[in-house]
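*Asks:* got a structure for you, letters missing:
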């Protein structure tokens, strides 16, 4: 595993630990951070 992927994985866990309402996905060339669906009443935003 190269250093970049290890760093991105650590960042994913750091974000998800500190912000439980966020979900992080990553692939070779992109990172996606989104708000998990829930009953928080804050609403959601997205693209259609």
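*Replies:* Perfect, thanks for sending it. Computed from a predicted model, the values in this text were never measured in an experiment.
*Asks:* what bridges to the most centrally placed residue in the chain?
*Replies:* Note on the chain: the residue nearest the mean C-alpha position is residue 24, at 1.7 Å, using C-alpha atoms, centre = their mean. Bridge pairing for residue 24 (DSSP bridges) gives the partners residue 33.
*Asks:* which residues sit in contact with it?
*Replies:* Taking C-beta atoms under 8 Å, 6 or more residues apart in numbering, we find residue 24 in contact with 11, 12, 15, 16, 31, 32, 33. Just so you know, the C-beta spots here come from the backbone N, C-alpha and C atoms, and that holds for glycine as well.
*Asks:* might one say that the fourth one is in contact with residue 33?
*Replies:* No. Residue 16 lies out of contact with residue 33 (C-beta atoms under 8 Å); the separation is 9.5 Å.
*Asks:* common neighbours of the two, please.
*Replies:* With C-beta under 8 Å, 6+ apart as the test, residue 16 and residue 33 both reach 22, 23, 24.
*Asks:* ok, so of those residues, who is nearest residue 4?
*Replies:* residue 24 (15.2 Å; C-beta to C-beta).
*Asks:* which intervals of the chain have sub-threshold pLDDT?
*Replies:* The chain contains residues with pLDDT under 70 at 1, 38-48.
*Asks:* how does it look with 80?
*Replies:* For the chain, applying pLDDT under 80 flags the ranges 1, 37-48.
*Asks:* for it, what spans make up the strands?
*Replies:* 22-26, 31-35 (DSSP state E).
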